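*Asks:* let's see this in three dimensions:
(one chain, ligands or ions: 1)
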Amino acid sequence: MQIETLILGAGAAGMMCAAHAGPGTLVIDHARAPGEKIRISGGGRCNFTNLEVEPARFLSGNPHFCKSALARYTQWDFIELVSRHGIAWHEKTLGQLFCDDKATQIVAMLRTEMETSGAELWLSTELAELSHDGSCFIARLTREGRTQTVKARNLVLATGGKSIPKMGATGLAYDIAAQFGLPLVPTRAGLVPFTFPDGRFSALSGLSLPVRARAGQAAFDEAMLFTHRGLSGPAMLQVSSYWHEGEDIAVDLLPGQDLTAALKAARSENGRRAVTTALGHLLPPKLVAHLSESLPLAGNLADLSDRRIAELAEALQGWHLRPQGTEGWRTAEVTLGGISTAALSSKTMEAKSVPGLFAIGEAVDVTGWLGGYNFQWAWSSGTACGREIASRRAAS
Ligand SMILES: Cc1cc2nc3c(=O)[nH]c(=O)nc-3n(C[C@H](O)[C@H](O)[C@H](O)COP(=O)(O)OP(=O)(O)OC[C@H]3O[C@@H](n4cnc5c(N)ncnc54)[C@H](O)[C@@H]3O)c2cc1C
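*Replies:* Next up, the predicted model:
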């Protein structure tokens, strides 16, 4: 069977690419349904983009790489598409846009767009073997126990990253990239909860509070959640992408507040009040009890010198923690690293050294913040690639 374009992976990027690439395109996926990560995303409502999309909110070995695709297919373009399909949406927080109803509406929309463009979709299909004969890619596919050989001028790697193997994530895109000599940036789990040893926070499990969390140069003002295994919540997921093993994270438990001034004022007002009681007005009392196990919080406010107040403020507004690790691929929302952007054209997503080979979406070393940024990268990179394929057809 001779086709123009074979897209591996019917996820967010692969379906978006097919919607633009048009006739002569075959999308395959080993799963029984397309867009499974879209279906479960955003608690079933899919945080499909963000009003505040900008290149600085993406991590990559080359921070400039994502600019072109994001500028040529923006959040406004995707919002227009969603609205055109009659899908109701709302802004939840921090520019994050969600479906009012169900994430499966986005999957259905992409299927409709693919069908309209003339692209075909084969599910429950595996790639058994891949080679290149000098002009075409030759893929041996297995589907419902039968083997079929497909010849394609273009091959698009859209099988995503390694996160959540239970949902069918594999390293196929990386293996094929390596087969064709493309460099890879080592992968690590991103947007993932931290783990701490010995059930350190298990007594606080379920407690959530607003914090400013920092790892390296990155800081996020969002909620932190204590869990049986460690720390989660948006603030922790965000900094996890900037964290490296063996490093500390810093947590300001009272973001935007001047704890030194607050404690001094409380001391003048009522010096006989216990330090833990005063802190219990500013922080959840359960957390204060936990902190008192490692910080000198005994005694009354009157016992605190200015220096001790400053030390206490420093400890609570720059709480240094060293995670043991992260929950890893099992729960990570994204994969950092992947196919090096140095190997790809930022305009078309085509490999510079292998004409006709493209890589899009999470498989590429571009990772967004939490909040709809990763889907926007899938839509933008998928569109860049799909449009290029369609324009080459038009030109030939
Ligand atoms: C729980 C969860 C929630 C998320 N929520 C959000 C959110 O709300 N907003 C947001 O922006 N991002 C979210 N993300 C991230 C987002 O889902 C991904 O960044 C995005 O789906 C990447 O798109 P992709 O097309 O590159 O890969 P995917 O969507 O992962 O698609 C890859 C496809 O390739 C197929 N595949 C893999 N290996 C093979 C193989 N060997 N053979 C054949 N097919 C294969 C898979 O079955 C899959 O269909 C979430 C991720 C998770 C895990």
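*Asks:* tell me where the stretch 251-396 of the chain has strands.
*Replies:* Per DSSP state E, counting those that start in this stretch, the stretch 251-396 of the chain carries strands over the ranges 319-321, 325-326, 334-339, 357-359, 367-368.
*Asks:* other SSEs contacting the last one?
*Replies:* Applying 3 or more Cβ pairs under 8 Å, 6 or more residues apart in numbering; DSSP states H and E, we find strand 367-368 packed against strand 58-59, strand 334-339, helix 373-395. Using the backbone N, CA and C atoms, a C-beta is placed for each residue, glycine as well.
*Asks:* so how far is residue 2 from residue 317?
*Replies:* Distance of residue 317 to residue 2, computed by Cβ to Cβ, to the nearest Å: 64 Å.
*Asks:* pick out whichever of these two has more residues nearby.
*Replies:* residue 317 (19 against 10; other Cβ atoms under 10 Å).
*Asks:* looking at the helices and strands packed on strand 367-368, which is buried most?
*Replies:* Looking across those with neighbours counted as mean count of other Cβ atoms under 10 Å, the highest average goes to strand 334-339: a mean of 26.
*Asks:* that one near the ligand anywhere?
*Replies:* Yes - Strand 334-339 reaches the ligand (Cβ under 6 Å from any ligand atom) through residue 334.
*Asks:* so what does that strand touch, helix or strand wise?
*Replies:* With contacts defined as 3+ Cβ pairs under 8 Å, 6+ apart, strand 334-339 has these neighbours: helix 172-179, strand 184-190, strand 367-368.
*Asks:* quick one: mean pLDDT over the last one.
*Replies:* With pLDDT averaged residue by residue, strand 367-368 scores 98.
*Asks:* cool, and stretch 237-249?
*Replies:* Mean per-residue pLDDT for stretch 237-249: 97.
*Asks:* identify the residues contacting it?
*Replies:* For stretch 237-249, the external contacting residues (Cβ atoms under 8 Å, 6 or more residues apart in numbering) are 59, 189-194, 213-220, 222, 236, 320-323, 325-326, 333-334, 336, 367, 369-370.
*Asks:* try 7 Å this time
*Replies:* 59, 190-194, 213-216, 218, 220, 222, 320-323, 325-326, 333, 336, 367, 369-370 (Cβ atoms under 7 Å, 6 or more residues apart in numbering).
*Asks:* any of those buried? List them.
*Replies:* Buried members of these, scored by 16 or more other Cβ atoms under 10 Å, are 59, 190-194, 213-215, 220, 222, 321, 323, 326, 333, 336, 367, 369-370.
*Asks:* thinking again about what came up before, I'd like the strands of the stretch 251-396 of the chain written out as JSON lines, with distance to residue 16 added.
*Replies:* Output for the strands of the stretch 251-396 of the chain, formatted as JSON lines (distance: least, Cβ to Cβ, whole Å):
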{"stretch": "strand 319-321", "distance to residue 16": "39"}
{"stretch": "strand 325-326", "distance to residue 16": "29"}
{"stretch": "strand 334-339", "distance to residue 16": "17"}
{"stretch": "strand 357-359", "distance to residue 16": "13"}
{"stretch": "strand 367-368", "distance to residue 16": "15"}
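*Asks:* quick check: the residue of the stretch 101-250 of the chain nearest the ligand.
*Replies:* Closest residue of the stretch 101-250 of the chain to the ligand, Cβ to the nearest ligand atom: residue 160 (2.7 Å).
*Asks:* residue contacts, the closest residue to residue 340 other than its chain neighbours?
*Replies:* Spatially, and ignoring its direct neighbours in sequence, residue 340 is nearest to residue 183 (4.1 Å; Cβ to Cβ, 6 or more residues apart in numbering). If you count contacts by Cβ under 7 Å, 6+ apart, residue 183 has them with 340, 342, 343.
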